[in-house]
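Q: Here is a sequence together with a model predicted from it:
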Amino acid sequence: MDNVTSTEPHREIAFDFYRGLAILSVLALHAGATNAHLSEYFGRFLPYFGNLQAGMELFFVISGYVIFGSYRRTPRLGAFYRKRIFRLLPLYYLAVILSIAIYLALKFFLSDFAGFWKNSIRAESFTWQNVFVHIFLLQGVDATAHEYTFLDGSWSLAAEVYYYLLFPALAYLLDLTRTGFILVFLAAAALEYYQIVHPFFPSASTLNFYSIPNLLVDFLLGALLYQVVHRDRERAGNDRTILTAGGIAFFGLVTYVNYRFSGHALENVSLISLIAALVVLSLRLSAVYTGAFGLFILIALSEFKYQLIGFNDFLGIAWFLIIYSTRQFINSRQNTWTIRSVTDIGVQSYSFYLLHILLMWPISYAVYSFSDRTPFAPLYLLNLTLLFFSTYYLAKHVHRLDQYFIAMGRAARQAAS
């Protein structure tokens, strides 16, 4: 969830709009998944709420696009890392401190602390080992910390840091030739599917799902999107041939893995074949069809994602098609009320993301403590409303702090140059 100042000349309104969509979908998902009181009702709505998880994949595709563009504009490694550090870490560490403070305050003042913690974050989350892991952003490495995180959602920030560390080596290959990019993409996909079949962490399925190999493909799709949108003229002639060859190799790999290792081989291979056909057609047809195909893939995945190996990659592909086809339209309609409102949230997306993580547990406890028997929908809507407006109000103030840290990073870069 990379965040940049809205005054930068290279900033595109469309990507703030996509950030806004992503953070709203994540907030809606978390508002319905934060309390044990929902367990009786949540199962009935799980497929619908599962669709909202696609917002996280959208964040990673956006990050790949933005970070690759940032590296193109700031190719020196020192300047690149200073920029990323000041944009990510200050607010993150502030959120870690506040999370610990909220825990201690609730433990001291809340009479039903045990009941609250049973229905939200587990008390085992707060150990010195886990604090250490959060300080050094090791949530994607330490299985215990991932399962018992006290800053729920921070795994995604850790994934971004891993991507930053890998990025210089990746950027060299990505910027070298389009063929080099495709080879990196296929290597990342092969590593992902290998660890799905042979998990790196056999006892931690969620950690495997959110591990860097599974997320790297989404980041690379974002980088590819940047190259396709801003492609150099000397490379454009071979784009279609190289991308087609890479696509055939990728779909061949994922088809083999699903046929060989999935318990739903026939259904999965049929869906993959359909998606591949839509991607090929999108290369030939207008942007309207490309966006429609991407939307269709998102909807189709909602029914198959729990059985399709690598479904998050297809979510990334769907967002790739949607962004590619709608980006210019959104940029041209930036003054309409709807786009402007979502964009306003997107500009503050990083502040919004961290704040909603801190607020969702206390708010959900207050809401769902009214009654175990209240129907799901009224409680969910109340929880979502309180979470949204409290986060929206505070995010405007925290965003100013975020801009201060970004300005510090800019001053540090200028001083070092």
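A: Sure, I can see it. Numbers count the residues shown, from 1 in each chain.
Q: Who are the contact partners of the nearest residue to residue 257 once chain neighbours are set aside?
A: Of all residues not flanking residue 257 in the chain, residue 193 sits nearest, at 4.7 Å (C-beta to C-beta, 6 or more residues apart in numbering). For every residue, glycine as well, the C-beta is placed using N, CA and C. The neighbours of residue 193, taking C-beta atoms under 8 Å, 6 or more residues apart in numbering as the test, are 253, 254, 257, 309, 310.
Q: Sitting in helices, which of those do you find?
A: Of the contacts of residue 193, the ones assigned to helices by DSSP state H are 253, 254, 257.
Q: can you tell me how far the residue nearest to residue 257 sits from residue 309?
A: 7 Å (C-beta to C-beta, to the nearest Å).
Q: what does residue 249 give?
A: 17 Å.
Q: Between the two, point out the one with more neighbours.
A: residue 309 (20 against 16; other C-beta atoms under 10 Å).
Q: ok, the more buried one - contacts?
A: Residue 309 is in contact with 193, 196, 254, 257, 258, 261, 262, 268, counting by C-beta under 8 Å, 6+ apart.
Q: Which pLDDT does the model give residue 110?
A: The model reports residue 110 with a pLDDT of 64.
Q: hang on, I meant residue 43
A: So, for residue 43, pLDDT stands at 50.
Q: Give me the longest helix you can find in this protein.
A: helix 376-416.
Q: That helix - contacts with which helices or strands?
A: Where contact means 3 or more C-beta pairs under 8 Å, 6 or more residues apart in numbering; DSSP states H and E, helix 376-416 is packed against helix 13-31, helix 39-51, helix 77-109, helix 337-347, helix 349-368.
Q: can you give me the helices in the stretch 151-300 of the chain?
A: Along the stretch 151-300 of the chain, the stretches classed as helices by DSSP state H, counting those that start in this stretch are 154-176, 178-197, 205-209, 212-229, 233-261, 265-282, 287-304.
Q: Just name the most buried of those helices.
A: Stretch with highest mean neighbour count among the helices of the stretch 151-300 of the chain: helix 212-229 (a mean of 23; mean count of other C-beta atoms under 10 Å).
Q: Centre of the chain to it, how far?
A: 12 Å (C-alpha atoms, centre = their mean, to the nearest Å).
Q: all numbers from here: first residue = 43
A: Taking 43 as the first residue, the last one we looked at is helix 254-271.
Q: Could you tell me the angle between it and helix 196-218?
A: 50 degrees (axes from the mean of the first three to the mean of the last three C-alpha atoms, to 10 degrees).
Q: Output the contacting helices and strands for helix 254-271.
A: helix 96-115, helix 196-218, helix 220-239, helix 353-374.
Q: Ok, which of those comes nearest residue 420?
A: Across the helices and strands packed on helix 254-271, residue 420 has its closest neighbour in helix 96-115 (23.9 Å, C-beta to C-beta).
Q: relative orientation of the closest one and helix 196-218 in degrees?
A: Using the same axes, to 10 degrees: helix 96-115 against helix 196-218 is 40 degrees.
Q: Next, the angle from helix 96-115 to helix 119-151.
A: Using the same axes, to 10 degrees: helix 96-115 against helix 119-151 is 150 degrees.
Q: Show me how far helix 96-115 is from its chain's centre.
A: For helix 96-115, the separation from the chain centroid amounts to 9 Å (computed by C-alpha atoms, centre = their mean).
Q: now do stretch 60-70
A: For stretch 60-70, the distance to the chain centre is 10 Å (C-alpha atoms, centre = their mean).
Q: Output that stretch in CSV with nothing but the alpha carbons.
A: What follows is stretch 60-70 as a C-alpha-only set of coordinates in CSV (Å, rounded to 0.1, in the frame of the first residue of the first chain):
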residue,chain,number,x,y,z
TYR,A,60,-7.8,2.0,-7.4
ARG,A,61,-6.2,2.4,-4.0
GLY,A,62,-9.5,3.8,-2.7
LEU,A,63,-11.4,0.8,-4.1
ALA,A,64,-8.9,-1.6,-2.5
ILE,A,65,-8.9,-0.1,1.0
LEU,A,66,-12.8,0.1,1.0
SER,A,67,-13.0,-3.6,0.1
VAL,A,68,-10.5,-4.6,2.7
LEU,A,69,-12.3,-2.5,5.4
ALA,A,70,-15.6,-4.1,4.4
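Q: average pLDDT across it?
A: 92.
Q: Could you do stretch 362-371 as well?
A: pLDDT averaged over stretch 362-371 gives 91.
Q: buried residues in that stretch?
A: For stretch 362-371, burial by neighbour count (16 or more other C-beta atoms under 10 Å) applies to 362, 363, 364, 365, 366, 367, 368, 369.
Q: Poorly predicted segments of the stretch 93-242 of the chain, please.
A: Along the stretch 93-242 of the chain, the model assigns pLDDT under 70 to residues 93-94, 117, 152-168, 182-191, 216-220, 241-242.
Q: mind running it again at 80?
A: Residue ranges of the stretch 93-242 of the chain with pLDDT under 80: 93-95, 113-119, 121, 144-172, 181-195, 209-226, 234-242.
Q: again, but for the stretch 243-392 of the chain
A: 243-256, 272-288, 303-310, 322-329, 341-352.
Q: can we see that at 50?
A: Low-confidence segments of the stretch 243-392 of the chain, defined by pLDDT under 50, are located at 274-279.
Q: middle-most residue in the chain, spatially?
A: residue 98 (3.0 Å; C-alpha atoms, centre = their mean).
Q: ok, now which ones touch it?
A: 64, 68, 198.
Q: And it, how far from residue 405?
A: Using C-beta to C-beta, residue 98 is found at 21 Å from residue 405.
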